[in-house]
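1. below is the sequence, then the predicted model.
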Amino acid sequence: MDFEGSLSPVIAPKKARPSETGSDEDWEYLIHSDYHRNIEFHVFAKALQLEPVEVPISKDDNQQAFNLDSTALLFSHIPAIFYVLHLTYEELKLNTLMRDGIRSLVTLLLQLARCLVVLYTMQSLG
């Protein structure tokens, strides 16, 4: 038996990179690759018996003005609240009995993420 050849399809060898750190383009390529979209999601989704969650996006979402009251009691705690709710979301994904509550939490997390973008933009501008 010939062990020199491989049974897998022939793949052209890649050239070695001069740097081991990679770049942002490498990350973008990986995220947008067919492998990431198809294989990665399906393996984990099937293992955890998850269904894809689609958040409705209206045409006005990008233009919607957020009214953030910087004097509100919990305004400065929005990042911590987001983090805790995200951890709760991750825990609920693992609990098959709590799957129905995830959709509401995803919508809330999406809104908080948008608020965080506005919050950090306001802080960076100054």
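-> Ah, there it is.
2. any stretches of the chain with poor pLDDT?
-> 1-21, 36-68, 126 (pLDDT under 70).
3. now with 90, please.
-> 1-82, 89-126 (pLDDT under 90).
4. can you give the domain ranges for it?
-> According to automatic domain parsing, the chain comprises the domains 22-52, 55-125.
5. correct me, but Cys115 touches Ile78?
-> Yes - here Cys115 reaches Ile78: they are 5.9 Å apart, a contact under Cβ atoms under 8 Å. The way it works is simple: take the backbone N, C-alpha and C, and place the C-beta from them, glycine included.
6. and the end-to-end length of stretch 95-103?
-> Distance between the two ends of stretch 95-103: 14 Å, counting by Cα to Cα, to the nearest Å.
7. which secondary structure elements does the longest helix seen in the chain contact?
-> Secondary structure assigned by DSSP state H gives helix 102-125 as the longest helix of the chain. Applying 3 or more Cβ pairs under 8 Å, 6 or more residues apart in numbering; DSSP states H and E, one finds that helix 102-125 contacts helix 78-94.
8. so which elements touch the helix it packs on?
-> With contacts taken as 3+ Cβ pairs under 8 Å, 6+ apart, helix 78-94 sits against helix 102-125.
9. residue contacts, Leu125?
-> By Cβ atoms under 8 Å, 6 or more residues apart in numbering, the contact set of Leu125 is empty.
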